[in-house]
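Novice: With the input below, show me the fold.
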Amino acid sequence: MVQPDRRGGEPALTRPLVVVSNREPYIHSRSADGSVKWSPTTGGVSVALDALMRERGGVWIAHGAGDADRLAVDDDDRVRVPPDAPAYDLRRIWLTEAEEHHYYEGFANEGLWPLCHVAHVKPVFRTEDWRIYQSVNRRFAHTVHAELPDVSAPIFVQDYHLTLVPGFLRRLRPEARVALFWHIPFPHPDQLRICPYRREILEGLADCDLLAFQLERDRRNFLAAARAELGARGSGSRLEVGGRTMAVCAVPIGVDYDRIQAVTRAPAFEAEQNRLRRELRIDTALVGVGVDRLDYTKGIPERLSALDALFTRWPGLNRQLTFVQIAVPSRSTLDSYAAVEADIDERVAAINAKHARADGVGPIRYRKSALRMRRLTALYRLADFCIVSSLHDGMNLVAKEFVAAREDLGGVLVLSELAGAAQELTEAVIINPYDVEGFADGLQLALDMQHDERERRMRALRRVVAGRDVFRWATEILEQLENLDPRSLPPAPGRLPGRR
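Specialist: Residues are numbered from 1 along each chain as shown. Predicted structure coming up:
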């Protein structure tokens, strides 16, 4: 619940918000005819934060990556979004090709990403990657400084791409109130020691007023690392580092539950489901789905192995079941990502050949492109089961999106015990993606499950997902940020000065 502002002004959580992330919520690109089109970016986190910003207003600062992004902004590199129903400003930062290579592909995704995910890819740390990672983080901090004429607006920084922003910003605006949410797993201190720049990263995170993680496991790992590397002291939710006190908490992220409900109730929803059936050539009674970025942490090869085992042990299932795999290309310039994409391509082709029906059609429909929320929700509703088979994941919002879409109480969630979502969604069919036969057993259980049992499990899952949606997630983090030292806050503005 939103609490009244202690200073007698507007409620603290109606203040406009400053979100800072690498990924932008909307992208502009050129069509084949030369016109400029826009689209939302993929990923549960972007969708969740966009829902928050639609509600709160303010400014979102992010890297402009679309090939027509510069054409859409004004002279101050801002554009109002969503383009079809403007609610907040998107302030774009431009990176050179070299900066993207070293900061994003290099340090963030060849270094920190595998360091934080136990997924058998060796982290790579290069001096030049680190230098440019620092430089880009400093630029983000300076942009926040320029966009923040009033320090009462909370600053909400996102994830491992921007670990140094709080420290740089603290030097520019000592009084600014900064929270950072770490979306991915935080490594155990023994794993963190692989990183030669771990102390600088920890110092940057320690300059937050509040640092939030998905799970208690990740919070404990950070506390242990801060004590070992920085000499931090404290227990519970407060930590003293270098004369400053910060709050450290675990708050699992949610989805925009009400928005997904609205999609399922729209008059054209059933027609959208029928269109998808035709487009994906689904002509079987049973449907399974998987929706992922093409990433080695998502366990897609392991999922395909389990499906292969299921079709092998259940003759004739290829005539009854179609499995739809949506896999959105990601970081495909990196060798580790290109390798997993090639592996998945080969596995899908092999399974479709091995388990083809008499008419030559295989059981897997493989699409390497994103679906907008309306179509994605329609796909979830077509499914008898949804597989989330992460090898290591901070949360995985696909699991929660699927549950939110199932107002009909149908469908079974098959969920990896190695995804953070398994800590909350205990009524899913929980599997270990490394156990192929056990995974296939879980899929068979999902298909054989009685109607009453499906409804009982889905009803329980929906209570969890509805009770912790994206707004509750944000409210909990931002209320904690506001309540750290309310006497130090200046009066709350109606809107960020200088905004349209």
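Novice: What is the helix or strand of the chain with the lowest mean pLDDT packed up against?
Specialist: Every helix and strand of the chain was ranked by mean pLDDT, DSSP states H and E. The lowest is helix 44-56, at a mean of 82. Judged by 3 or more C-beta pairs under 8 Å, 6 or more residues apart in numbering; DSSP states H and E, helix 44-56 is in contact with strand 17-20, strand 36-40, strand 88-93, helix 397-405, helix 470-483. For glycine as for every other residue, the C-beta is placed from the backbone atoms N, C-alpha and C.
Novice: Output it in CSV, but only the C-alpha positions, please.
Specialist: Below are the C-alpha coordinates for helix 44-56, written out as CSV (Å, rounded to 0.1, in the frame of the first residue of the first chain):
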residue,chain,number,x,y,z
GLY,A,44,10.2,-9.7,-19.1
VAL,A,45,12.2,-7.1,-17.2
SER,A,46,11.7,-4.4,-19.9
VAL,A,47,7.9,-5.1,-19.9
ALA,A,48,7.8,-5.0,-16.1
LEU,A,49,9.7,-1.7,-15.8
ASP,A,50,7.7,-0.2,-18.7
ALA,A,51,4.5,-1.0,-16.7
LEU,A,52,6.0,0.8,-13.7
MET,A,53,6.9,3.9,-15.7
ARG,A,54,3.5,4.1,-17.3
GLU,A,55,2.1,4.3,-13.8
ARG,A,56,4.7,6.7,-12.3
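Novice: Past it, which element shows up next along the chain?
Specialist: Following helix 44-56 in sequence order, the next helix or strand is strand 58-63 (DSSP states H and E).
Novice: what's that next one packed up against?
Specialist: Packing contacts for strand 58-63, counted by 3+ C-beta pairs under 8 Å, 6+ apart, involve strand 17-20, strand 88-93, helix 127-147.
Novice: Mind listing what's buried along that strand?
Specialist: Within strand 58-63, the residues that count as buried by 16 or more other C-beta atoms under 10 Å are Gly58, Val59, Trp60, Ile61, Ala62, His63.
Novice: that older thread, quick one: the least confident helix or strand of the chain to strand 36-40, angle?
Specialist: On the basis of axes from the mean of the first three to the mean of the last three C-alpha atoms, to 10 degrees, helix 44-56 is oriented at 100 degrees to strand 36-40.
Novice: Centre of the chain to helix 44-56, how far?
Specialist: With C-alpha atoms, centre = their mean, to the nearest Å as the basis, helix 44-56 stands 11 Å off its chain's centre.
Novice: returning to that earlier point: just the helices and strands packed on helix 44-56: most buried one?
Specialist: Highest mean neighbour count of the helices and strands packed on helix 44-56: helix 397-405, a mean of 29 (counted as mean count of other C-beta atoms under 10 Å).
Novice: So what's the gap between that one and the chain middle?
Specialist: Offset of helix 397-405 from its chain centre (C-alpha atoms, centre = their mean): 12 Å.
Novice: neighbouring contacts of it?
Specialist: Contact partners of helix 397-405, identified using C-beta atoms under 8 Å, 6 or more residues apart in numbering, comprise 44-45, 47-48, 253-255, 257, 260-261, 263-264, 289, 291-292, 376-377, 380-381, 383, 386, 388, 411, 413, 415, 419, 421, 425, 428, 458, 461-462, 464-466.
Novice: at 6 Å what do you get?
Specialist: 44, 255, 257, 260, 291, 377, 380-381, 386, 388, 413, 415, 421, 425, 461-462, 465 (C-beta atoms under 6 Å, 6 or more residues apart in numbering).
Novice: Need the CA coordinates for that helix. PDB is fine.
Specialist: What follows is helix 397-405, C-alpha atoms only, in PDB (Å, rounded to 0.1, in the frame of the first residue of the first chain):
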ATOM      1  CA  LEU A 397       9.500 -14.000 -15.700                       C
ATOM      2  CA  VAL A 398       8.200 -16.300 -18.500                       C
ATOM      3  CA  ALA A 399       7.100 -18.600 -15.700                       C
ATOM      4  CA  LYS A 400       5.000 -15.800 -14.100                       C
ATOM      5  CA  GLU A 401       3.700 -14.500 -17.400                       C
ATOM      6  CA  PHE A 402       2.400 -18.000 -18.300                       C
ATOM      7  CA  VAL A 403       0.600 -18.200 -14.900                       C
ATOM      8  CA  ALA A 404      -0.800 -14.700 -15.300                       C
ATOM      9  CA  ALA A 405      -2.200 -15.600 -18.700                       C
END
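Novice: for it, what is the average pLDDT?
Specialist: If you average the pLDDT over helix 397-405, you get 97.
Novice: what element comes up after it heading to the C-terminus?
Specialist: Once helix 397-405 ends, the next helix or strand along the chain (criterion: DSSP H and E) is strand 412-416.
Novice: ok now the next helix or strand after that next one, how far from the chain's centre?
Specialist: Where DSSP H and E defines the elements, the next helix or strand beyond strand 412-416 is strand 429-431. Centroid separation between strand 429-431 and its chain, computed with C-alpha atoms, centre = their mean, is 21 Å.
Novice: Run through who's touching strand 429-431.
Specialist: Under the criterion C-beta under 6 Å, 6+ apart, residues Val412, Val414, Leu415, Glu417, Ala422, Phe439, Gly442, Leu445, Ala446 lie in contact with strand 429-431.
Novice: Strands along the stretch 151-300 of the chain, start to end?
Specialist: For the stretch 151-300 of the chain, applying DSSP state E, counting those that start in this stretch gives strands covering 155-158, 178-182, 210-213, 238-241, 244-250, 286-293.
Novice: I'd like the ones you listed written out as JSON lines, with mean neighbour count, mean pLDDT and distance to Ala226 added.
Specialist: Below are the strands of the stretch 151-300 of the chain laid out as JSON lines (neighbours: other C-beta atoms under 10 Å; pLDDT from 0 to 100; distance: least, C-beta to C-beta, whole Å):
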{"stretch": "strand 155-158", "mean neighbour count": "26", "mean pLDDT": "96", "distance to Ala226": "17"}
{"stretch": "strand 178-182", "mean neighbour count": "24", "mean pLDDT": "97", "distance to Ala226": "13"}
{"stretch": "strand 210-213", "mean neighbour count": "25", "mean pLDDT": "97", "distance to Ala226": "9"}
{"stretch": "strand 238-241", "mean neighbour count": "17", "mean pLDDT": "92", "distance to Ala226": "6"}
{"stretch": "strand 244-250", "mean neighbour count": "18", "mean pLDDT": "94", "distance to Ala226": "8"}
{"stretch": "strand 286-293", "mean neighbour count": "23", "mean pLDDT": "96", "distance to Ala226": "30"}
